[in-house]
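**Q** Dropping a prediction and its sequence here:
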Amino acid sequence: MKHNHELFGTICAFEAMPSLFETQLSKNNFSHFSELRSMENPDGKRYARIVSHLIEEFKTRFADFRRDGQKIMPFTQPFCFDVQCASDEIQLELLDLQANINLKGKV
């Protein structure tokens, strides 16, 4: 079972792939699409538009998770997280954690 921070990372990766595909398809680069490569004259821009619609759908569906995922970031990357962006309740603890030389050496 994945933890919230792992799910957040998985969703971010999942959202990044269609953007890559959209860019490549618009340039008629079919390196990730073997079926399109095998076609005689595929219209990459047509498929890029379809992927663009998927990207918008992902943004809508995962908007809440992305917003809530920002609350997870201090726990997934505590040593490089900007303390001022953290909620007031954890700012002092986060500063203490970032200043702990023993913990930094283990990361």
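**A** On my side now, so go ahead. Keep in mind the model is a prediction, meaning the values are calculated, not measured.
**Q** Please count neighbours and contacts with C-alpha atoms only from this point.
**A** Fine.
**Q** OK, contacts around Lys71?
**A** Ala86 (C-alpha atoms under 8 Å, 6 or more residues apart in numbering).
**Q** what about it, helix or strand, and which?
**A** Here Lys71 sits in a region with no helix or strand, counting by DSSP states H and E.
**Q** Could you number the chain from 48 rather than 1 from now on?
**A** With the count now opening at 48, the last piece we talked about shows up as Lys118.
**Q** For Ile97, which three-state class applies?
**A** Taking DSSP: H, G, I helix; E, B strand; the rest coil as the rule, one finds Ile97 in the helix state.
**Q** per-residue pLDDT, Gln117?
**A** Looking at Gln117, its pLDDT stands at 69.
**Q** now Ser73, nearest residue through space, not along the chain?
**A** Lys92 (4.5 Å; C-alpha to C-alpha, 6 or more residues apart in numbering).
**Q** In contact with the residue lying closest to Phe128 once chain neighbours are set aside, which residues are there?
**A** Excluding the flanking residues, the one nearest Phe128 by C-alpha to C-alpha, 6+ apart is Pro121, at 5.7 Å. Shown in contact with Pro121 (C-alpha under 8 Å, 6+ apart): Phe128, Ala133, Leu141.
**Q** chain center to the strand or helix carrying Leu67, what's the gap?
**A** Under the criterion of DSSP H and E, Leu67 resides in helix 51-73. Averaging C-alpha positions (C-alpha atoms, centre = their mean, to the nearest Å) puts helix 51-73 6 Å from its chain's average.
**Q** Let's check: the centremost residue of this structure is which one?
**A** Cys59 (2.1 Å; C-alpha atoms, centre = their mean).
**Q** and it, what pLDDT?
**A** 74.
**Q** Next one: it from Asn88, what distance?
**A** Distance from Cys59 to Asn88, counting by C-alpha to C-alpha, to the nearest Å: 32 Å.
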